[in-house]
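S.K.: can you look at this prediction? I've put the sequence above it.
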Amino acid sequence: MKNTINGLTDAHFSQTPSLPTVQLRAAPLPGVLKYVSVHLYLVVSDGEQPWQRWEVWQWRDALRQPSLPTQIAYGHVHCNLLEPLQEIGGGPSYGIQSWQGAAAEKIILALKNHGATYMSRDIYWIWPGPNSNTYIARILAYAGVKAVLPGTAIGKDWDGIFRLTFSLAPFSFVFYTPILGAKLAWLETLELQFLGATLGFDFQHRILKHPFGWGLWQSRLSKLGIQADGRQQEAEGKH
């Protein structure tokens, strides 16, 4: 059965792209959780090797077919556990943002360097974290690549039970606990967090972050397009 999501099919990922390419995707969680939480993962290709899907899974070393050399597990960190477009029980996944060129290379390198050595590879808590969304946020941070993560990506801000940081140049303020949190970065973002869910606004991309589902979020993010070498490009309706 052909899997078609957001104009993409499984056949799209059977072809190796001409440039290093990374796609950040979100899959709604099963049951009623799909209305308030998503599972983030990365689909990547260095332009020479086939596509790979990287994510943190709730079970350790959960290889579906251990005999396949393309499947890799480092504790909860998995490569190619699932197909690129495969959902996790809450409905079709959707693309959030894509990168090509130098930015994609940085993300791919971060995935390679923080697989077996990822600090939380043997720890998983669906709430408040560390979880799959914590992993994606950290990989992007390791790579030095910015992305706008959904307000339903619970765990993306996990960095311990308590965090408080403040800076004047440029102005930024971060307060985090698993129950309540707030983040303010001058001319960048304003966020309020409750139980890990986010309500806020990204000023750079003019995107509202909200903690319910992903319909409005997806329709706006579909315009983000491809980011090549740090420059934003229009995707003309394509991811």
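M.R.: Great, that's in hand. Numbers count the residues shown, from 1 in each chain.

S.K.: G47 contacts P20, doesn't it?
M.R.: Yes - the pair G47 / P20 is scored as a contact, 4.8 Å apart, by Cβ atoms under 8 Å. For every residue, glycine as well, the C-beta is placed using N, CA and C.

S.K.: for the two, indicate the residue with more neighbours.
M.R.: Per other Cβ atoms under 10 Å, whichever of G47 and P20 has more neighbours is P20, with 21 against 15.

S.K.: contacts only, for that one.
M.R.: V44, S45, D46, G47, Q100, G101, A104, E105, I108 (Cβ atoms under 8 Å, 6 or more residues apart in numbering).

S.K.: could you check how far the last one is from A137?
M.R.: Spelled out, it's I108. 17 Å (Cβ to Cβ, to the nearest Å).

S.K.: pick out whichever of these two has more residues nearby.
M.R.: Shown here are I108 and A137; by other Cβ under 10 Å, I108 has more neighbours (24 against 21).

S.K.: kindly list the main-chain dihedrals of that one?
M.R.: Torsion angles at I108 (phi, psi; degrees, to the nearest 10) stand at phi -60, psi -40.

S.K.: quick one: residues contacting it.
M.R.: I108 neighbours (Cβ under 8 Å, 6+ apart): P20, V22, V44, D46.

S.K.: output the lowest mean pLDDT helix or strand found in the chain.
M.R.: strand 231-232 (a mean of 34; mean pLDDT, DSSP states H and E).

S.K.: skip the chain neighbours and tell me the closest residue to P178.
M.R.: P128 (3.7 Å; Cβ to Cβ, 6 or more residues apart in numbering).

S.K.: next one: G89
M.R.: P30 is the one closest to G89 (Cβ to Cβ, 6+ apart), at 3.4 Å.

S.K.: quick one, which of the contacts of I108 are buried?
M.R.: Among the contacts of I108, the ones that count as buried by 16 or more other Cβ atoms under 10 Å are P20, V22, V44, D46.

S.K.: need the three-state assignment for the second one.
M.R.: When the structure is split into helix, strand and coil by DSSP: H, G, I helix; E, B strand; the rest coil, V22 lands in strand.

S.K.: these two touch, right, it and D46?
M.R.: No - counting by Cβ under 8 Å, V22 does not reach D46; the two are 9.6 Å apart.

S.K.: quick one on the thing from earlier: Serialize the contacts of P20 to JSON lines and add fields for pLDDT.
M.R.: Listed next are the contacts of P20 as JSON lines, based on pLDDT from 0 to 100:
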{"residue": "V44", "pLDDT": "96"}
{"residue": "S45", "pLDDT": "96"}
{"residue": "D46", "pLDDT": "95"}
{"residue": "G47", "pLDDT": "92"}
{"residue": "Q100", "pLDDT": "93"}
{"residue": "G101", "pLDDT": "94"}
{"residue": "A104", "pLDDT": "96"}
{"residue": "E105", "pLDDT": "97"}
{"residue": "I108", "pLDDT": "97"}
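
S.K.: a markdown table for these, including distance to H78?
M.R.: A markdown table is the format used below for these (distance: Cβ to Cβ, whole Å):
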| residue | distance to H78 |
| --- | --- |
| V44 | 13 |
| S45 | 17 |
| D46 | 18 |
| G47 | 22 |
| Q100 | 24 |
| G101 | 26 |
| A104 | 20 |
| E105 | 22 |
| I108 | 16 |
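
S.K.: among these, which lie within strands?
M.R.: Applying DSSP state E to the contacts of P20, the entries found in strands are V44, S45, Q100.
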